[in-house]
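A.B. asks: Sequence first, predicted coordinates after that:
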Amino acid sequence: MSAAISFFDDDARRGSRLDSLTRWVAETAAHTQPDSIHWCDGSDAEIAALNAQMAKDGTLLALNGQTHPRSWLHRSDPSDVARVEHLTFVCTRDPDDAGPNNHWMAPAEGHARMDALFAGCMRGRTLYVIPYCMGPIDSPLSRCGVEITDSPYVVANMRLMTRMGAAALARIEREGRFVKGLHSTGELDPDRRFIMHFPEELSIKSFGSGYGGNALLGKKCHALRIASWQAREEGWLAEHMLIVGIQNPQGQTHYIAAAFPSACGKTNLAMLIPPESYRQAGWKVWTVGDDICWMRPGADGRLYAINPEAGFFGVAPGTSEKSNPNALTTIGHDTIFTNVAVTDDNQPWWEGLDKRVPAKDWQGRDYDPANGPAAHPNSRFTVSARQCPSYSPHAEDPQGVPISAIVFGGRRGSLVPLVFEARNWTHGVLVGASMGSETTAAATGAVGVMRRDPMAMKPFCGYNFADYFAHWLSFDQAGARLPKIFHVNWFRKGADGQFLWPGFGENLRVLEWMIQRVEGTAEAVETPVGRLPPPGAIDLQSAGVSAAAAEELFGVDRPGWIAEFREIQNYLEDYGVRMPDPLGVEAARILGQLMD
Ligand code: SAT
Ligand code: MN
């Protein structure tokens with residue numbers, strides 16, 4: 001790796017709009033004391049040198065080059081395998097601006113704590129400066145940031161997940177504005193680990209973790225927590241949503257943005273393969289993004305969306321030829337795998353992939369089922385979106401893609417039907433605001449516990465949820481041509497504990513009904529909780545769903561919903577006077593109808 005501080009040597013840079021960046025880098029270096037500084041240019045030569053260095057020191061292990069060319073395995077510290085929500089803070093001057101949905105700390109205290117951790121932490125290490133752009137480099141919807149890190153693994157991941165390097169630096173120079181993210185893996189000590197956000201300063205400080213959303217600061221920290229704050233100020237939306245294009249046999253494509261909590265199948269839905277009969281009829285599915293969506297009203301009143309990311313950081317377990325063949329093709333080469341198992345011929349392996357028995361588990365131990373799953377349940381792949389066979393030709397359009405429908409969904413074993421449509425925008429915002437889901441392995445803590453996860457943003461909204469819902473409501477203006485809003489639940493279980501709905505490619509049957517609703521060609525039945533497809537509107541038989549299962553999937557259990565809505569009312573009331581009235585009015589109206 002070059003240790004040269006080439007950027008500083010270049011007098012031409014001085015006095016440019018990069019002054020604040022060079023000053024910040026110099027101050028950070030003075031405080032963290034790295035041995036050298038490297039400005040990332042994003043080139044092939046740079047990553048080749050970095051990979052070689054990481055292969056040498058064991059940070060990356062080469063995988064089978066025959067089956068997985070140019071792919072690597074990284075084993076993280078066993079205590080550092082997921083996001084840490086209890087150590088994640090939003091630091092605003094007024095605690096109410098962060099809201100009850102965030103852990104809050106005063107900015108001065110947050111900085112003091114973090115600065116103490118960062119003091120001298122990069123001694124013996126290289127400080128990498130990563131200029132990056134979230135979104136297509138020439139899109140007005142994109143926003144830039146710079147991450148300073150001492151982790152070459154973070155550099156390699158950021159290179160896949162963002163537009164990183166020289167072009168981003170040029171845009172930063174043009175705009176003079178960027179989000180500052182400072183990261184160090186520290187000693188990976190869980191007791192010295194914090195992820196702090198300072199939205200009023202557009203800055204992030206993250207210490208003590210090298211993993212995913214804690215360390216790749218462009219992702220959840222910038223593109224959701226800080227961006228949600230920027231979006232409210234600037235009149236757009238930064239959401240935890242996949243974006244998928246559904247092309248019908250007539251050749252029209254509708255784009256759908258869908259919010260599900262982490263590890264609830266966003267990547268699978270974004271890369272869906274239509275059932276055989278749909279493929280033959282000419283249906284096609286196009287992937288725009290699998291995790292984050294930035295949306296803004298266009299001149300025609302529609303919402304236009306970009307995927308701010310350039311790659312996928314997907315959950316490996318459960319990814320298979322059946323569940324997501326597009327993902328398997330995508331990760332066939334040039335991929336970083338984190339915390340997966342390996343076979344005896346050094347291929348990456350995880351539960352649900354196939355019937356082979358792995359040789360080593362995610363910690364590098366000889367595989368022994370007594371030690372639990374071979375791959376960590378939150379093991380991941382990092383890969384460029386351009387390798388995805390279904391990557392949309394419009395994924396990088398600077399103006400974004402027009403959104404026809406917004407879908408909210410949770411992991412709910414009971415009560416919530418397979419699909420329903422919101423009556424209007426306000427009802428749709430309530431549907432999103434009252435989303436509940438059972439927790440997954442994507443965050444540390446108990447798995448399978450039901451919690452409210454509004455719009456799948458509970459861990460990611462950088463400000464008070466009450467203000468966030470008000471911001472959502474504000475899009476309903478004269479001239480707006482807003483998407484229809486739906487709710488889905490792929491995870492409904494029967495009395496025997498088995499899923500009632502097959503999911504995966506069959507989900508297209510549900511999306512088809514939504515598109516027909518958007519086009520005005522499908523019927524719906526009014527119920528107090530929303531509009532449901534009438535019997536026969538979705539071909540369940542071909543999806544292998546029995547009549548009894550169908551009845552459960554589309555039933556409205558009034559006593560169950562009354563209890564649910566009482567809980568929702570309590571939840572909304574916890575936010576006090578900042579909660580916008582229309583949501584409470586809407587919830588009361590639905591509850592009244594349920595009790596009629
Ligand atoms: O670890 S990440 O936050 O990047 C992944 C996720 O939780 O969705
Ligand atoms: Mn996510």
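C.D. replies: It's in. Ligands and ions are numbered 1, 2, ... in the order given.
A.B. asks: Which residue comes closest to His376 once chain neighbours are left out?
C.D. replies: Asn339 (4.0 Å; Cβ to Cβ, 6 or more residues apart in numbering). C-beta here means a position set from N, CA and C on the backbone, and glycine is covered the same way.
A.B. asks: per-residue pLDDT, that neighbour?
C.D. replies: Note for Asn339: predicted pLDDT of 98.
A.B. asks: give me the number of residues near it?
C.D. replies: Asn339 has 26 neighbours, counted by other Cβ atoms under 10 Å.
A.B. asks: List the residues that contact it.
C.D. replies: For Asn339, the contacting residues are His74, Arg75, Ser76, Val81, Trp362, Ala375, His376, Asn378, Ser379, Arg380, by Cβ atoms under 8 Å, 6 or more residues apart in numbering.
A.B. asks: Let me know the closest of these to Thr253.
C.D. replies: Arg380 (29.2 Å; Cβ to Cβ).
A.B. asks: The residue nearest the centre of the chain: which element?
C.D. replies: With distances taken as Cα atoms, centre = their mean, the residue of the chain nearest its centroid is Asp291 (3.3 Å). Using DSSP states H and E, Asp291 sits within no helix or strand.
A.B. asks: Ok, Arg232 next?
C.D. replies: helix 227-234.
A.B. asks: buried set for that helix?
C.D. replies: Neighbour counts using 16 or more other Cβ atoms under 10 Å place Ala227, Ser228, Trp229, Gln230, Ala231, Arg232 of helix 227-234 among the buried residues.
A.B. asks: contacting residues for the fourth one?
C.D. replies: Translated: Gln230. Gln230 sits in contact with Arg143, Pro199, Leu202, Ala238, where contact means Cβ under 8 Å, 6+ apart.
A.B. asks: who in this structure is up against ligand 2?
C.D. replies: Residues of the chain lying close to ligand 2 (Cβ under 5 Å from the ion) are Ser262, Asp291.
A.B. asks: looking at the chain, which helix or strand is least sure?
C.D. replies: In the chain, no helix or strand scores lower on mean pLDDT, DSSP states H and E than helix 6-9, which sits at a mean of 46.
A.B. asks: Who are the packing partners of the helix or strand just after it?
C.D. replies: Under the assignment DSSP H and E, the closest C-terminal helix or strand after helix 6-9 is helix 19-32. Using 3 or more Cβ pairs under 8 Å, 6 or more residues apart in numbering; DSSP states H and E, the elements in contact with helix 19-32 are helix 6-9, helix 107-118, strand 126-134, strand 143-149, strand 179-184.
A.B. asks: returning to what we had before: the helix holding Arg232 to strand 179-184, inter-axis angle?
C.D. replies: Interaxial angle of helix 227-234 relative to strand 179-184 (axes from the mean of the first three to the mean of the last three Cα atoms, to 10 degrees): 170 degrees.
A.B. asks: related to what we said a few turns ago, and which of the contacts of Gln230 is nearest ligand 1?
C.D. replies: Nearest to ligand 1 out of the contacts of Gln230 is Ala238 (Cβ to the nearest ligand atom; 14.4 Å).
A.B. asks: Next, that closest one: secondary structure please.
C.D. replies: strand (DSSP: H, G, I helix; E, B strand; the rest coil).
A.B. asks: Which residue, other than its chain neighbours, is closest to it?
C.D. replies: For Ala238, the closest residue by Cβ to Cβ, 6+ apart turns out to be Ala227, at 3.7 Å.
A.B. asks: And for Val129?
C.D. replies: Using Cβ to Cβ, 6+ apart, the closest residue to Val129 is Trp39 (4.7 Å).
A.B. asks: Could you check how far that neighbour is from ligand 2?
C.D. replies: Using Cβ to the ion, to the nearest Å, Trp39 is found at 29 Å from ligand 2.
A.B. asks: That residue: neighbour count?
C.D. replies: Count around Trp39 with other Cβ under 10 Å applied: 24.
A.B. asks: Next, give phi and psi for it.
C.D. replies: Backbone geometry at Trp39, expressed as degrees, to the nearest 10, gives phi -90, psi 120.
A.B. asks: Tell me the spacing between it and ligand 1.
C.D. replies: 25 Å (Cβ to the nearest ligand atom, to the nearest Å).
A.B. asks: Am I right that that residue is in contact with Leu127?
C.D. replies: No. Counting by Cβ atoms under 8 Å, Trp39 sits too far from Leu127 to count as a contact (9.7 Å).
A.B. asks: Gln230 and ligand 2, how far apart?
C.D. replies: 19 Å.
A.B. asks: typo on my end, Asp581
C.D. replies: Separation of Asp581 from ligand 2 (Cβ to the ion): 31 Å.
A.B. asks: sorry, back to before: against Arg296, how distant is the residue nearest to His376?
C.D. replies: Asn339 is 36 Å from Arg296, where distance means Cβ to Cβ, to the nearest Å.
A.B. asks: Spit out the contact partners of the closest residue to the residue nearest to the centre of the chain other than its chain neighbours.
C.D. replies: Among residues not flanking Asp291 along the chain, Lys266 sits closest, at 6.1 Å (Cβ to Cβ, 6+ apart). The contact partners of Lys266, taken as Cβ under 8 Å, 6+ apart, are Met241, Leu242, Ala258, Phe260, Asp290, Asp291.
A.B. asks: Report how many residues lie close to the first one.
C.D. replies: To tie it back to what came earlier, the one meant is Met241. By other Cβ under 10 Å, neighbour count at Met241 equals 30.
A.B. asks: Wait, it touches Ile292, no?
C.D. replies: Yes. The pair Met241 / Ile292 is scored as a contact, 7.0 Å apart, by Cβ under 8 Å.
A.B. asks: helix/strand/coil for the residue of the chain found nearest ligand 1?
C.D. replies: Residue nearest to ligand 1 within the chain: Gly213 (2.2 Å; Cβ to the nearest ligand atom). Under three-state DSSP, Gly213 falls in the helix class.
A.B. asks: List the residues that contact it.
C.D. replies: Here Gly213 is in contact with Arg83, Lys219, Lys220, Cys221 (Cβ under 8 Å, 6+ apart).
A.B. asks: can you list the residues of the stretch 51-200 of the chain near ligand 1?
C.D. replies: Counting by Cβ under 6 Å from any ligand atom, the stretch 51-200 of the chain comes close to ligand 1 at Arg83.
A.B. asks: Poorly predicted segments of the stretch 51-200 of the chain, please.
C.D. replies: Scanning the stretch 51-200 of the chain for pLDDT under 70 picks out nothing.
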